[in-house]
Structures are given as C-alpha cells and as structure tokens.
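Enquirer: just a sequence and a predicted model for now, questions to come.
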There are 2 protein chains.
Amino acid sequence: MNVYTSKEQYLRHIEQIGQVPDGFQIATLGIQFYPEERPVKSPLPMNLVLIQGEHPTEVFGGLFTRNRFPGAPVLIGKKRMEETRIRGILINNKVSNVGAPHGVEDAEEILDSLAAHAGGKGEEYIPASTGIIGWRLPKNEILKALPELVRRLGRSTCADAARAIMTTDAYPKVARRPLGRGHLVGFAKGAGMIEPNLATMLVFLLTDVQLDRGILRDTLRKVVETTFNCISVDGDQSTSDTVLFLSSGVRETVSSREMERALLEVSEELAEHIVRNGEGTSHVIRLQVSSAPDFETARELGKAVVNSPLVKTAIYGNDPNVGRIVAALGDYVGNQDLPLDPHRWVIRIGGIEIFSKGRFMLDRGKEESLASYLKDASMDPKEKSYPLHDRVVDIQVEIGSGTAEATVLGSDLSYEYVRENADYRS
Amino acid sequence: MNVYTSKEQYLRHIEQIGQVPDGFQIATLGIQFYPEERPVKSPLPMNLVLIQGEHPTEVFGGLFTRNRFPGAPVLIGKKRMEETRIRGILINNKVSNVGAPHGVEDAEEILDSLAAHAGGKGEEYIPASTGIIGWRLPKNEILKALPELVRRLGRSTCADAARAIMTTDAYPKVARRPLGRGHLVGFAKGAGMIEPNLATMLVFLLTDVQLDRGILRDTLRKVVETTFNCISVDGDQSTSDTVLFLSSGVRETVSSREMERALLEVSEELAEHIVRNGEGTSHVIRLQVSSAPDFETARELGKAVVNSPLVKTAIYGNDPNVGRIVAALGDYVGNQDLPLDPHRWVIRIGGIEIFSKGRFMLDRGKEESLASYLKDASMDPKEKSYPLHDRVVDIQVEIGSGTAEATVLGSDLSYEYVRENADYRS
C-alpha cells in the first residue's frame, strides 16, 4: 500500500489507476426514491453502477457469501455462474434486497429491462446490491433510470464506480496491476456496517487480458481464500458478500502464474483497504500464524484472536495485553479439542517475543516498547477519508506443530465502532 | 430474581441469604503485596477466602474451563477431582496464576502450608484464583497470612466471601434455596473482565444435605450445561473458569430430583447475575432457540446471535435490528453447513413476530413498540452496584426442524465495555 498526505492526493491517485480496462465500459447514476417501508421526509439517494462488456464474455467467475440467508442478488448471481456468457453487472447501494418480498422477481425484472436497453438477455447480467435489509428495491425508480444509465456508458472510471458503491466506507478503494499487455483493476466497498445493516463486502475485478474460464475461476477461488476470506472486521459474514471477476479478452493472454500474482496483489491491497477503512477501525491487526498443522487451522486460529473482543479492545487501548492473545488461542484450541500444545507456542508482537515455553516473557522495558509500538500504528477513526499510513500491528504466532501458515487481517474494537453501530434509530 | 430499590437493601438481602450451610466454615482476609513483575508505588490489595469443611468430605465435584491454556489452579483442581476426600477451598483474587513461572509449585506449597495449619494434607485443598495473567502469586505474603486466615474460620458468611472475590464485579452475587432439612447456597464472581485480563467466572456451591458423590457430579454436569455454559458476555472463555460443589453431608439426604431443582435454580440465578453485572452490560439478552434438531445446535445458534457484535451494538442502541439477528443465524448455519432452512424460522422480540416464511414482518408501529421495549429493558452500565431490575430482552427463535431447545443469556456491547477493556495501561 502507498501512503498519502492528503485526501486530494489520494483521490488523484485512484483517478489515475481507475481507468477502465479495455473492452469494458462503466456508467454511474444517482437516483432518488421513497421507501415503501418507512415514511421519510425527503427522498433517499441511491447510486446505480453498470459495468458492461463491449462484447459478451464467456470468461467470468464469482464467489458468494456462505450465509444461509443470502440476498436475492446472491441467489441470482450464483445461478448466473452457470450461464455461457455474461454482458455486464448492475450494482446498487442503499437497499440490499435481502429478505424483502419478491426480491428475486424484482431484480430479474430490472435486469430484463436493462437487457432491452443495453443488449442481450436479462440472464446475461449479474445483480449486486448492498444496503438496508428487509426493504424492497425501488423498482420503478430504477426501471425509469435505466435508459439514462445505459446512455452514460463509457463516461465513468473504476474510481467513480468505487465512489458510487460506498456506504459507510470513508474512502473509495481501487487497486491496479499491469498484466502482460493489459491490466487488472479491482474496486471494492468495504466491511463497514451500513445503515441499519450489514458489513457487506462487494469486490469487482476486471481485466482486458484473455484468460481461460477454468483458470480464472480456479485462481479466483485460490486467491480469495488467502485474501478476502482472511479478513475480519467484526466476525459477522454478510448476507450479500460477493466477489466478481470478468475478463474482456481483448489483450493477449498471460501465464496463469502472472495472472495469479496480479490477482493476489490487487486482492491483498483491496482486502487491507477494507479492514483499514472499516467502521471505527483505529488499528489494523496483521496476525500471522505459522508452523500450524494445516491452512484452515492456521486461519481459524488467527480469526479466533482477531475476533476476540478482549484482544480487540486491548489493542484499541494501546495495551500490549499478551494474556488475552494466549487466552483466545487456548479458548479456540480447547473448544475444538485440537491436539496443539501451548508449551510449543511462540508469540511476538512487532517482532518482540512475549510468550514462549508456556510462559509470558514480559518486563517493564518490553511493555513500554510494545505500548509505543501500538500507539504508533493507531489511526484516528474519525479522520479516515484517505489511508493515513500503512502501519499495522504485527502479531506472529508460531504453533510448532506443522508447516502451514495463514495471515489474517483484523481490526480493533473502538468506541466509534459501537457508536456507528448502535445509534442508527435510537 | 428479586428486584431491589437500593444498594443497601440488596446487601441486606444477600447478608440474610448468605449464611453458611451447616458443616462448613468460611474465613476472609485482605492482604497486600508488591508484584515482582512491575514496579508499583503502593502495595496492591488481595483478598483470601478459605472455605473449610468441619470434617473432610468425599462428596464434591468440579467443572473447569476447556481453555487449552488453563491456569495452575485449574490444573491442580482437575487432579483434585481424583482424591478420596476434600477439606476445603482456598480462593484469591488479583493474581490468576496463569502462565506464571512455577505456578503449580507455588500453589502446592501454599496448600501444603495451609494443611499444616488447618488440618489434613495439601492434596485435600482445592485452589481457585482470578486476576492478572502472567504474574506469580505473592507466595510469601500468602504464606504469612495463612495462620490468621485459619484463625478467622467461622467469622465470615457466603456474602462476605462473594464480596471478597469480586474483581470488576459491581455487586456480590449470592443465591440460596432450601433443600430438604438443609440448604444449598451458591456464590460467584462474574464474567466481567478483570485488570488486564480475563472474564473469569468462579462459582462455589455448598450444601449441608447428604448426597452421593456420583449423583452430585452427574447433576452438576447436567445443570452447568444449561446454565453457566449458556451464558456469554464476550464470547471469550477464560483460562480460569471454575465451578466447585461441596456437600458437608450433616443434614439428611433428599431425592436427586429435589437436589437437581435446587441446583438448577441457584445456578440460573447466579448465571443471570453474572451477565447482568458484566462489564458495561446495559441489556441482558435472553435468547430462546426452540424446535432445533438438538440441544447443542440450539445453544450454538443462540450463542452465534448473542455474540454477534452487530446484534450486540444494535441492542445497546435500543435498535430492534431484525436483519442482524437473521444474518447472524444465517452466518452460523452457512459456516457449519447445517441443513436448516431460513424459510421455516420464526423470530420474535418481546413476543412480537418480526420474521417468518423467509421475510421480515416489520412496520412502523412494530418498530416503535420494539424500540420502547428495548429502552425499557436497559440499565445504566455505570450504575450497577445492585440489580436495578430483572428485565431482559427476550428473543425467541423457532428453527422448525426438531424438538430441542436452549436458552442462552448474553449482553449488549456498550461504550463502557470498550472503555473498561481498553483503558487499563494506556
């Protein structure tokens, strides 16, 4: 991640890297609506984003939330993965279309109408929504806006799209890597909770490089496991989390290794942005679990630590509270009854060894160094309109029972998190 | 639970119910110490509590944390369960004796010395500690205090003991039920986090009624499953959680059914106190999961909801945010890949149906009723020196896939929780 000195500098940067890869066009449009479900004094704003291939593409893939109560767009998106080709993606914020009456029918009617204006069939478009749970999409307002949205194709960049899909995100998130003679560009909205609702993560990845559909999907699955599936802001998995990846195929192909490296770098960067810009985040925690029996165990141990409210509040308070890290690990290992022995664990914060051979290695000097290390890595959660720095709290846990490792990104638990998530309707 | 109008009234009440069952004596003593691990300006206070049988008893049982990194007292306590008889329990607060060098040796030396003063062998005493992780017990100060502690036997009540073992608990917790010609009395310290450390729960249950050791242990295991194992303040399981149950056997026996009922009522009452008096708790959430395939699934679903930071913050903000409850259930069911269908779920808050047939059943009237219901159940987390009321936020979840049920108690997530847990050393 780069470092920026002002919001303006950051926005200039993402404008530069946000150019749309060849073979795609993007449109954005703001609309307004009155929700059926609640009287409001003035209409609510909603942004629409259309990503459209200049030609339909057979090279696309997607991964979706495992939440058993997914939104209508996820239900439709999963079906779309079986289609031969895809022409585009229609995104809206403000209403997530989860648990609303006629959610699937409404979304399909909108996509059919979009196809009538933009070409192809409704089945060739993938929907993605984020926002309030339980409300219906403002179908009529969206239908009315579609012709204008289609007319605007080509006028917006990925940076514009990243801005349009923001909810409680404090800054737009874009990442780009060169890839052969083309590029890979990704943009995302983050795991900040939104309006009354959920920490939805939406990620869109576009490349102009020609790829095989099977390779694109396999690589996406592999890369998501170690990036977007290794972050956790509050341990809750949204009803709408979605990662979509499209190739227009207008530039010549690259090796699958090159493709994987670019995808990994773009995904890592977006994943870190999502955590850094999470609601109320004042520290990013990067927890590396090594010498574990397998990757899954390593990742779950890491998540057990970064999801522990006791660890999260301690880090928020710049308190190097080692006992809580060991206790969170011990809690997970005990509950899962894993054959792991705490006497083999070695734990370091910021490179400083704090636990080994079943004992804490603390003294006053270490505690002071650790406290100032934590302080140095903190950010003011109220001033986050751009990434202020790229510092993280590095915690390393050696398990001493294998060769697998995983790196998990998490955030601390601040007053601001509670405020943002408690004060919606009270 | 009863309701009290002042702290004084509550303290008078627990003094009344805190009489020690026949056949036991209790002593409490405050000492002071300078920790080896950190320079402090003035000595730190520690309380010692000794529970002593007038005669050794063969009728005792205990359950301990499953945390894989348990404290020395838990390691010793588990071994003690194999002993033929037990004479007493020695409890201290302030230092948990977890992960400290020579923790087991220190505790055993202290118990040997206790036995020399109070009778029997060191193996006939069970240690229990709560407090800071990583520090050594102030062995010399404790050894020096033991003769005076033993001299004081008989001068303290269970209410005194409950007060002495408090850490961040805002009020002492005692419960009592008549049992045949005798009584069952329990006292506990709560799952508030302590000093830099953990949400340790210590529970001590004493009865004068004669019981069979096997029945006592089986009943304890059964009752703990539905009471102390069904509460969750922050989802973290401490390195020191302990429940101990001793019978002096000086009153005639009762049926195992009577015993179980008394144990269940005392345990339920203490469990609710622990949640209500948890750090920063402003709402107690009582989540009943019914028509589930089995008890374990019902309990884990309930915990998934009460441990969700999104649900907890919404309830703190008196926001009846139904979407977050459904999403937390869907997250757990999806991650565990359970064969449960959200279209069969029915969810009620305070008796008001808010979700059924896969859809939210909300309107403005319901939302207003729910918001005032939540407000009514709230407590000021800064004023908790006695149980202000016994109101809870009742959430009922029907799963529609079986006949098992579980009731889980949890708490909301408040500013005060973050403050208490963040600000220790910063």
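Expert: Perfect, thanks for sending it. Residues are numbered from 1 along each chain as shown, chains lettered A, B, ... in the order given.

Enquirer: what is the least confident helix or strand in chain A?
Expert: Sorting the helices and strands of chain A by mean pLDDT, DSSP states H and E puts helix A:415-422 at the bottom, at a mean of 74.

Enquirer: measure how that one sits relative to helix B:415-422, angle-wise.
Expert: Angle, helix A:415-422 to helix B:415-422, by axes from the mean of the first three to the mean of the last three CA atoms, to 10 degrees: 160 degrees.

Enquirer: report whether helix A:415-422 contacts chain B.
Expert: Yes - counting by CB under 8 Å from any CB of the partner chain, chain B has neighbours in helix A:415-422: A:Tyr415, A:Tyr417, A:Val418, A:Arg419, A:Asn421, A:Ala422. Every C-beta, even on glycine, is put in place using the N, C-alpha and C of the backbone.

Enquirer: which one of those residues sits closest to A:Pro39?
Expert: A:Ala422 (23.1 Å; CB to CB).

Enquirer: was I right to think that closest one contacts B:Asn321?
Expert: No - look at A:Ala422 against B:Asn321 with CB atoms under 8 Å: they stay out of range, at 9.7 Å.

Enquirer: hey, what's in contact with both of the two?
Expert: B:Ala314 (CB atoms under 8 Å, 6 or more residues apart in numbering or on different chains).

Enquirer: more crowded one of these two?
Expert: Using other CB atoms under 10 Å in any protein chain shown, the more surrounded residue of A:Ala422 and B:Asn321 is B:Asn321, with 29 against 23.

Enquirer: from A:Leu413, how far off is that one?
Expert: Per CB to CB, to the nearest Å, B:Asn321 is found 18 Å from A:Leu413.

Enquirer: how about A:Pro320, nearest residue that isn't a chain neighbour?
Expert: A:Leu370 (3.4 Å; CB to CB, 6 or more residues apart in numbering or on different chains).

Enquirer: strands of the stretch 151-300 of chain A, start to end?
Expert: Assigned by DSSP state E, counting those that start in this stretch, the strands in the stretch 151-300 of chain A fall at A:173-179, A:182-189, A:202-209, A:231-232, A:242-251, A:284-292.

Enquirer: now for those, which one comes closest to chain B?
Expert: When the strands of the stretch 151-300 of chain A are compared by CB to the nearest CB, strand A:231-232 sits nearest chain B, at 10.7 Å.

Enquirer: and that closest one, what's its mean pLDDT?
Expert: Average pLDDT, strand A:231-232: 84.

Enquirer: cool, stretch A:189-201 as well?
Expert: In this model, stretch A:189-201 has a mean pLDDT of 60.

Enquirer: which residues sit in contact with the nearest residue to A:Phe228 once chain neighbours are set aside?
Expert: Spatial nearest neighbour of A:Phe228, chain neighbours left out: A:Ala271 (5.5 Å); criterion: CB to CB, 6+ apart. By CB under 8 Å, 6+ apart, the residues touching A:Ala271 are A:Thr227, A:Phe228, A:Cys230, A:Ile231, A:Leu409.

Enquirer: neighbours around A:Asp390, how many?
Expert: So A:Asp390, with other CB under 10 Å, has 13 neighbours.

Enquirer: for it, what are phi and psi?
Expert: With angles defined as degrees, to the nearest 10, A:Asp390 sits at phi -110, psi 20.

Enquirer: on that earlier part again, looking at the strands of the stretch 151-300 of chain A, which is closest to A:Ala162?
Expert: Closest to A:Ala162 of these, according to CB to CB: strand A:182-189, at 3.9 Å.

Enquirer: assumed A:Val150 was part of a helix.
Expert: Yes - the assignment for A:Val150 is a helix, going by DSSP: H, G, I helix; E, B strand; the rest coil.

Enquirer: what's the closest non-adjacent residue to A:Leu338?
Expert: Closest residue to A:Leu338 apart from its sequence neighbours, by CB to CB, 6+ apart: A:Thr297 at 6.8 Å.

Enquirer: okay, now the one you found: neighbour count?
Expert: 21.

Enquirer: next up, the contacts around the residue nearest to A:Pro320.
Expert: A:Leu370 touches A:Pro320, A:Ile349, A:Gly350, A:Ile352, A:Ile354, counting by CB under 8 Å, 6+ apart.

Enquirer: okay then, goodbye and thanks.
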